[in-house]
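Enquirer: What would the 3D arrangement of this be:
(chains A and B)
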Protein chains: 2
Amino acid sequence: MDSPSIEALIKSFSKMPLIGSRMAERLALHITKMKEDDLQTFLNAISSVRQNIKRCKQCYHLSEKPLCHFCSNTKRDSKVVCVVESSSDLLSIEKTKFFQGLYHVLDGTISPLDGIGPSHINLGALMNRLKNSDVEEIILATNPTSNGEATATYITKSINSLKKNIVVSRIGLGIAMGSELSYVDKFSLTRSLQFRTKKL
Amino acid sequence: MDSPSIEALIKSFSKMPLIGSRMAERLALHITKMKEDDLQTFLNAISSVRQNIKRCKQCYHLSEKPLCHFCSNTKRDSKVVCVVESSSDLLSIEKTKFFQGLYHVLDGTISPLDGIGPSHINLGALMNRLKNSDVEEIILATNPTSNGEATATYITKSINSLKKNIVVSRIGLGIAMGSELSYVDKFSLTRSLQFRTKKL
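Expert: Down below sits the predicted model:
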């Protein structure tokens, strides 16, 4: 491109999630063409997000208030807590409209290879929360990756050691709806056999 | 999301090219998590692009200098000018490393339905450029859409009316490399028959 300014902006965009090099280029070129008004709206939105968004003091979800709108909603079932890796995962679950309990955002997973231990994520806070509340069930909704699974296992052990009679469940893993057996990877297929449920 | 700040940022991201609603959400959440240093680098890059990037006074490509690095490069063939809709298209052509001439960026196409006429794009500038230079060939590389085709036709007529003995060519249209005939749409197939070339 032979323009240090645009190259620098392309580089910044490339570091964002889901943005590849070609898309970063398109976005940088788009910035050159944006109307001054739209650019200001964008920059103000960034600055407002950085100033106003904090973490909910109970569940660590992003929130503009000390307690997020799930934790402060008395209509939700505070006895069931769904543990997720990120606010993004929380929003995905929320979109199903199926879950009516509260959340706990770990903000990561345990990842020994990257030097991320239990103390680097919001796990201590989860344990304190469980000690001081009447939560009856924890749903572990970490991703079905090796780190997500390891984190789920670690949390299960930690909760069991609390001896508080809390049911720990894991989200159902197996075959995605609409997929065909012959195209499913063997790990998902194994999971789906392992977690088979009785037809009612 | 129940956060006006984040909603506003998601909306701003959604207005950018290639960014859908889910991706806009991911990017907005990413902004909340960015390190202060990285955010500053990003904001500085935007401000630098807005301050430094102008249009090349000859070809209208984005440039930090009055003449872009194509127009100011004496090694490039100034007798062949490739006409493109946008700087983004220019960069795509440049990546092939095949073309060694100069460019002219229209910054749009003629689009009667949207009220965009020849005077709204850099067409007058192209005609002036051709009148006052020794350009021998114009390659029309507008997109094979109805607006792109109409613009190519309009430019051909305009150049012919200059009576300057300039060869006007259109980029080859037809079937993409690697595609299979049975999956190609009938318009591309018609084009590929229409623009067949003799085997050497």
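Enquirer: Straight-line length of stretch A:69-89, end to end?
Expert: 16 Å (CA to CA, to the nearest Å).
Enquirer: give the contact list for the residue nearest the centre of chain A.
Expert: The centroid of chain A falls nearest to A:Ser86 when counting by CA atoms, centre = their mean (2.1 Å). Counting by CB atoms under 8 Å, 6 or more residues apart in numbering or on different chains, A:Ser86 touches A:105-108, B:29. From N, CA and C alone the C-beta is placed, and that goes for glycine too.
Enquirer: One more: A:Ile19?
Expert: When contacts are counted by CB under 8 Å, 6+ apart, A:Ile19 touches A:13, A:27, B:27.
Enquirer: Try it again at 6 Å.
Expert: By CB atoms under 6 Å, 6 or more residues apart in numbering or on different chains, the contact set of A:Ile19 is A:Phe13.
Enquirer: hang on, the earlier thing: closest one to A:Arg50 out of the contacts of A:Ser86, please.
Expert: Set against A:Arg50, the nearest of those by CB to CB is B:Leu29 (12.6 Å).
Enquirer: That closest one in helix, strand or coil?
Expert: At B:Leu29 the chain is in helix, as set by DSSP: H, G, I helix; E, B strand; the rest coil.
Enquirer: So what are the sheet partners of the longest strand along chain A and their directions?
Expert: Of all the elements of type strand in chain A, the one with the most residues (DSSP state E) is strand A:77-84. Next to strand A:77-84 in the sheet, as set by DSSP bridges, lie strand A:101-105 (parallel), strand A:137-140 (parallel).
Enquirer: Show residues contacting that strand.
Expert: Contacts for strand A:77-84 (CB under 6 Å, 6+ apart): A:90, A:99-105, A:135-141.
Enquirer: again, but for stretch A:93-111
Expert: Here stretch A:93-111 has contacts from A:59-61, A:70, A:76-78, A:80-85, A:87, A:90, A:118, A:121-122, A:126, A:147-148, A:150-151, A:154, using CB under 6 Å, 6+ apart.
Enquirer: Pull out the buried residues from the residues you listed.
Expert: A:59-61, A:70, A:76, A:78, A:80-85, A:87, A:90, A:121-122, A:126, A:147-148, A:151, A:154 (16 or more other CB atoms under 10 Å in any protein chain shown).
Enquirer: Which parts of chain A are helices?
Expert: For chain A, the helices defined by DSSP state H cover A:4-14, A:21-33, A:36-52, A:87-95, A:123-131, A:146-162, A:186-194.
Enquirer: before we move on, the earlier item: mean neighbour count, the strands paired with strand A:77-84: which tops it?
Expert: Stretch with highest mean neighbour count among the strands paired with strand A:77-84: strand A:101-105 (a mean of 24; mean count of other CB atoms under 10 Å in any protein chain shown).
Enquirer: Correct me if wrong: A:Leu173 contacts A:Arg191.
Expert: Yes. Using CB atoms under 6 Å, A:Leu173 is in contact with A:Arg191, at 4.5 Å.
Enquirer: Neighbour count: those two, which is higher?
Expert: A:Arg191 (17 against 14; other CB atoms under 10 Å in any protein chain shown).
Enquirer: From what I see, that one and A:Ile171 are in contact.
Expert: No. With contact defined as CB under 6 Å, A:Arg191 does not reach A:Ile171; the gap is 11.2 Å.
Enquirer: so what sits against both of those two?
Expert: Joint contacts of A:Arg191 and A:Ile171 (CB under 6 Å, 6+ apart) do not exist.
Enquirer: okay, the longest strand of chain A in CSV with CA atoms only?
Expert: C-alpha atoms of strand A:77-84 as CSV (Å, rounded to 0.1, in the frame of the first residue of the first chain):
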residue,chain,number,x,y,z
ASP,A,77,-33.6,-18.3,39.3
SER,A,78,-30.6,-17.4,41.6
LYS,A,79,-30.3,-21.1,42.6
VAL,A,80,-28.9,-22.2,39.2
VAL,A,81,-25.7,-20.7,38.0
CYS,A,82,-24.3,-21.3,34.5
VAL,A,83,-20.5,-21.0,34.3
VAL,A,84,-19.1,-19.7,31.0
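Enquirer: pLDDT on that strand, on average?
Expert: Averaged over strand A:77-84, pLDDT sits at 95.
Enquirer: So what's the gap between that strand and the chain middle?
Expert: With CA atoms, centre = their mean, to the nearest Å as the basis, strand A:77-84 stands 14 Å off its chain's centre.
Enquirer: just stretch A:152-171 next, same as before
Expert: Its chain's C-alpha centre and that of stretch A:152-171 lie 19 Å apart, by CA atoms, centre = their mean.
Enquirer: May I have the distance across it, first residue to last?
Expert: Using CA to CA, the two ends of stretch A:152-171 sit 10 Å apart.
Enquirer: Look at the closest residue to A:Gly117 other than its chain neighbours and report its pLDDT.
Expert: Among residues not flanking A:Gly117 along the chain, A:Ile110 sits closest, at 6.3 Å (CB to CB, 6 or more residues apart in numbering or on different chains). pLDDT, A:Ile110: 95.
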